[in-house]
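A.B. asks: How does the following fold in three dimensions:
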Amino acid sequence: MAQIIEQNSEIHVKESSAPPLSTVAERDVSAPEVSSENTALPSPAGKDHPPAHLTSLAERARGYVEAASSANTRKAYASDWKHFAAWCRRSNLAPLPPHPQTVGLYITACASGTAERGAKANSVSTIERRLSSLSWNYAQRGLALNRRDRHIATVMAGIRNSHARPPVQKEAVMAEDIIAMVEMLDRGSLRGLRDRAMLLIGFAGGLRRSEIVGLDLRADQTEDGCGWIEILDKGMLVTLHGKTGWREVEIGRGSSDSTCPIAAVETWVKFAKLAHGPLFRRVTGQGKAVGPERLNDKEVARLVKRAAMAAGVRGDLSEIERAFKFSGHSLRAGLASSAEVDERYVQKQLGHASAEMTRRYQRRRDRFRVNLTKASGL
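C.D. replies: Predicted structure coming up:
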């Protein structure tokens, strides 16, 4: 089997005694094992199933396995595994057991746009995500993918050097943009009241779209919630369980009721007649009733895009360009770019582990406020 080796700064291909690439296995592995129903758990005494008196513990353990990652993350992992397994079938290779040469060829196909028919080359960030997905999926099967193996690590380093580009950032919606956006919403409808509250609390709290729709009215009211709200005299305390663990977000009251996120949430809760469960829900019955179901986080992205387009934000661009500029992240970037306070407070509000990550969200800031050239004496 051919292996890539580096010798005298040149790439050669030679025959080696390394084990051959695995051929297609007989069983179908295209369906990833990511659900709690088929998550493998150790069984006592080598049995396939735990004893009856441990069944409830096994079920709870499976629940904890699912809680270890978000639903969106598991969905992405499943999609990436399906993509990899399909490429293996077309290439007459087997995805199991993990073989670094197979994975190295796969990420090469992803980078060159040949991983599937009619597909474009994947970005570096997408390929890195696919690698993480493969590692996770193999781990669920009790297997390990050695990403430091030269067939993976060296190829990935070459992909980064050849194709890496600065990340494409979504447009930040500034304070004046948010004001214009909420003015475009219908204050006389339940949907308009809900959307107004989501935009204002998402902006003022610097919340992710999943955090916005994951809020409950009180603590421990739903199993799928990621946090809850507590309305106080001076503002709102939002308790969240996000990517970086538990954190509290303080949202103060606005200068007027028309732009106050607390007033918007209070108005929505009052007219929607909410007392328990998810804060933001679907509006049904031609906009006259509120259903029990929690909103999907994609609705936040659609709302931001729709409201920004209606308000004429970035009207200097064409309609097609504007359609790609806005997303749910525009709210977080907007707060980071608008709030003229110490950077540490913005970092805490957004839940970032480092100041560098916060700076990536600051679309408009004085980049040369600290001039080290002059400070050094030049």
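A.B. asks: List the buried residues in stretch 141-154.
C.D. replies: For stretch 141-154, the neighbour count (16 or more other CB atoms under 10 Å) marks 145, 149-152 as buried. C-beta coordinates here come from the backbone N, C-alpha and C atoms, glycine included.
A.B. asks: same question but for stretch 253-269, I mixed them up
C.D. replies: Using 16+ other CB under 10 Å as the test for burial, stretch 253-269 gives 253-254, 259-265, 267-269.
A.B. asks: where does the stretch 251-378 of the chain dip in pLDDT?
C.D. replies: 334, 336-378 (pLDDT under 70).
A.B. asks: which residues in it form strands?
C.D. replies: In the stretch 251-378 of the chain, the strands defined using DSSP state E, counting those that start in this stretch lie at 281-284, 289-294.
A.B. asks: so residue 179 makes contact with residue 255?
C.D. replies: No - assessed by CB atoms under 8 Å, residue 179 is found out of contact with residue 255, at 11.0 Å.
A.B. asks: and the top helix by length along the chain, what other elements does it pack with?
C.D. replies: Secondary structure assigned by DSSP state H gives helix 71-90 as the longest helix of the chain. Counting contacts by 3 or more CB pairs under 8 Å, 6 or more residues apart in numbering; DSSP states H and E, helix 71-90 packs against helix 100-112, helix 124-140.
A.B. asks: Tell me which helix or strand residue 248 sits in.
C.D. replies: Following DSSP states H and E, one finds residue 248 within strand 245-252.
A.B. asks: hmm, who's touching that strand?
C.D. replies: Contact with strand 245-252 is made by 201, 204-207, 234-240, 261-262, 348-349, 351, as judged by CB atoms under 8 Å, 6 or more residues apart in numbering.
A.B. asks: Mind doing that once more with 6 Å?
C.D. replies: 204-205, 235-236, 238-240, 261, 351 (CB atoms under 6 Å, 6 or more residues apart in numbering).
A.B. asks: buried stuff in it?
C.D. replies: In terms of neighbour count (16+ other CB under 10 Å), strand 245-252 has its buried residues at 247, 249, 251.
A.B. asks: Stretch 91-101 now?
C.D. replies: For stretch 91-101, a neighbour-count test (16+ other CB under 10 Å) marks 91, 93-96, 98-101 as buried.
A.B. asks: Stretch 288-296 now?
C.D. replies: So for stretch 288-296, counting by 16+ other CB under 10 Å, buried means 290, 294-295.
A.B. asks: Run a quick neighbour tally on residue 238.
C.D. replies: 21 (other CB atoms under 10 Å).
A.B. asks: quick one: contacts for it?
C.D. replies: 205, 229, 249.
A.B. asks: Can you tell me which of those is closest to residue 172?
C.D. replies: Closest to residue 172 out of those is residue 205 (15.2 Å), distances taken as CB to CB.
A.B. asks: Now for the closest one: which residues touch it?
C.D. replies: 238, 249, 251.
A.B. asks: Pipe the contacts of strand 245-252 into JSON lines and attach distance to residue 158 and secondary structure per row.
C.D. replies: Output for the contacts of strand 245-252, formatted as JSON lines (distance: CB to CB, whole Å; DSSP: H, G, I helix; E, B strand; the rest coil):
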{"residue": "204", "distance to residue 158": "44", "secondary structure": "helix"}
{"residue": "205", "distance to residue 158": "41", "secondary structure": "helix"}
{"residue": "235", "distance to residue 158": "51", "secondary structure": "strand"}
{"residue": "236", "distance to residue 158": "49", "secondary structure": "strand"}
{"residue": "238", "distance to residue 158": "44", "secondary structure": "strand"}
{"residue": "239", "distance to residue 158": "45", "secondary structure": "strand"}
{"residue": "240", "distance to residue 158": "39", "secondary structure": "strand"}
{"residue": "261", "distance to residue 158": "47", "secondary structure": "helix"}
{"residue": "351", "distance to residue 158": "34", "secondary structure": "coil"}
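A.B. asks: Lowest pLDDT pick from these?
C.D. replies: Note: of the contacts of strand 245-252, the lowest pLDDT belongs to residue 351, at 64.
A.B. asks: Distance of residue 220 relative to residue 283?
C.D. replies: From residue 220 across to residue 283, the span is 25 Å (CB to CB, to the nearest Å).
A.B. asks: my bad, residue 187
C.D. replies: Here the criterion is CB to CB. By it, residue 187 lies 14 Å from residue 283.
A.B. asks: circling back: pick out whichever of residue 220 and residue 283 has more residues nearby.
C.D. replies: residue 283 (20 against 8).
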